[in-house]
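Chemist: predicted coordinates and the sequence they were generated for:
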Amino acid sequence: MAALPDGTPLYIGLMSGTSADGIDAALVAFPEHPADGVRCQLLGGHTHPWEPSLRAALVALGEGGGAGSLDVLGDLDARVGIAFAEAANALLQQHGLAAAQVRAIGSHGQTVRHRPQASPAFTWQMGDAHRIAELTGITTVADFRRRDIAAGGQGAPLMPAFHVAMLGSAEEDRAVLNLGGIGNLTLIPRAGHLLGFDTGPANALMDSWCQRHTGQPFDADGAFAASGRVLPALLAQWLAEPWFALPPPKSTGREQFHLDWALAAPAAAGASAADLQATLLALTVETVAQALLAHQPGTARVLVCGGGVRNPVLMAALAARLPGVGVVSSQAHGLDPDYMEAMGFAWLAAQTLSGRPGNLPSVSGARGPRILGAIHPA
């Protein structure tokens, strides 16, 4: 582990995204006087696998499935909390750290329902934070999204505040693109109004289709998509989804964009599995590009994080669709793309404990800045 000045507080961020492909645990520090401009130092990362039956239950629930009973929901919440605690403890063990050396854990939980357009709006991330605090011995901050929802916001995305704090530049207009299960953009102009919003499906649909047709949990190196061709009629039908035309602030999830939604398009009937995969990839590219060009056409650089950065076919297609824009991994600016969101929730925990807001009203639409999350003492 890299040497840090004495007294530098350590934090752990825990994150499982829309794809539910694992629990990312990041051990981080936020140096008071950052060297080389690196404002967030990743000291270690660990991706903890989900128990398969638990993951299957969470994905089904996230796609709109019924829970069956309160007993089922209570059991899932407890088991997710235990799994998150196991991820944190595994990270501590890997680095030979004691719980007392970590100031706090920031836990996102697992989103199982996100309804910002409902009346009343609500969002729900499972993962009993009491259990995390109890099983790790570390103060845990969790349930970040619901305060923003209560203040009239979307509750998402929450990463833009972290992105601008860590990656903002006075020299160029930048965007941070997270290609997780859902795609989202943070638009950081040199001067002016910062914006952040979801763009639509990214890995979640591609992963689900790949799992169904190849038995693999994701499309390694984009090979499955590369073996097919884009179907323009199908792409056009998907792009006609009214949600894409909504102005920011906006957010979405699996409950809206799932395979049943994709397969309901008339042009999906009879499409080969490879062609459908290629067209799903094109949908991600087109929705990201259209959003970027509509809301920050002068973007010089797109810093990409999330699982999609490991898909060279997706990255090449984005670069081709955005000529003149540098499309690069966030690693080029010192932030590991695999653990960006986990680092962000560690930062949100630090914000909460310091009494500082974690949301950006210009992003979420909330009535004002709010201190996010609930604190569960060790």
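Modeler: Now that the structure is in, tell me what you want to look at.
Chemist: quick one, strands of this structure?
Modeler: For the chain, the strands defined by DSSP state E occupy 10-15, 23-29, 41-48, 102-107, 110-115, 122-126, 140-142, 174-179, 182-188, 195-201, 301-305, 326-329, 374-376.
Chemist: could I have the fifth one exported to PDB, CA atoms only?
Modeler: The C-alpha atoms that make up strand 110-115 are tabulated as PDB, following Å, rounded to 0.1, in the frame of the first residue of the first chain:
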ATOM      1  CA  GLN A 110     -28.000  -2.800  -4.500                       C
ATOM      2  CA  THR A 111     -30.800  -0.900  -6.300                       C
ATOM      3  CA  VAL A 112     -33.900  -3.000  -6.700                       C
ATOM      4  CA  ARG A 113     -36.300  -0.300  -7.700                       C
ATOM      5  CA  HIS A 114     -35.800   3.300  -8.900                       C
ATOM      6  CA  ARG A 115     -39.000   5.300  -9.600                       C
END
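Chemist: what's the closest of the strands of the chain to Leu353?
Modeler: strand 102-107 (5.8 Å; CB to CB). All C-beta atoms are positioned from the backbone trio N, CA, C, and that covers glycine.
Chemist: mind listing what the closest one pairs with, with the direction of each?
Modeler: According to DSSP bridges, strand 102-107 forms sheet pairs with strand 10-15 (parallel), strand 140-142 (parallel).
Chemist: quick one, which of those gets closest to Pro120.
Modeler: Minimum separation from Pro120 across those (CB to CB) falls at strand 140-142, 21.2 Å.
Chemist: between the strands of the chain, which one is nearest to Gly344?
Modeler: Closest of the strands of the chain to Gly344 is strand 10-15, at 6.6 Å (criterion: CB to CB).
Chemist: average pLDDT across the closest one?
Modeler: On average, the pLDDT along strand 10-15 is 98.
Chemist: just to revisit the earlier point, any chance of the strands of the chain in TSV, plus distance to Ser364 and mean neighbour count?
Modeler: Formatted as TSV, those follow (distance: least, CB to CB, whole Å; neighbours: other CB atoms under 10 Å):
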stretch	distance to Ser364	mean neighbour count
strand 10-15	18	28
strand 23-29	22	26
strand 41-48	26	19
strand 102-107	18	27
strand 110-115	13	24
strand 122-126	11	20
strand 140-142	18	29
strand 174-179	15	26
strand 182-188	12	26
strand 195-201	8	25
strand 301-305	19	24
strand 326-329	26	17
strand 374-376	18	17
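Chemist: make TSV out of the ones you listed and add distance to Leu58.
Modeler: Shown next, in TSV, are the strands of the chain (distance: least, CB to CB, whole Å):
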stretch	distance to Leu58
strand 10-15	14
strand 23-29	11
strand 41-48	14
strand 102-107	15
strand 110-115	5
strand 122-126	7
strand 140-142	16
strand 174-179	20
strand 182-188	15
strand 195-201	18
strand 301-305	22
strand 326-329	28
strand 374-376	21
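Chemist: relative to Asn184, which of the strands paired with strand 102-107 is closest?
Modeler: Of all the strands paired with strand 102-107, it is strand 10-15 that lies closest to Asn184, at 13.5 Å by CB to CB.
Chemist: low-confidence regions, the stretch 51-200 of the chain specifically.
Modeler: For the stretch 51-200 of the chain, no stretch has pLDDT under 70.
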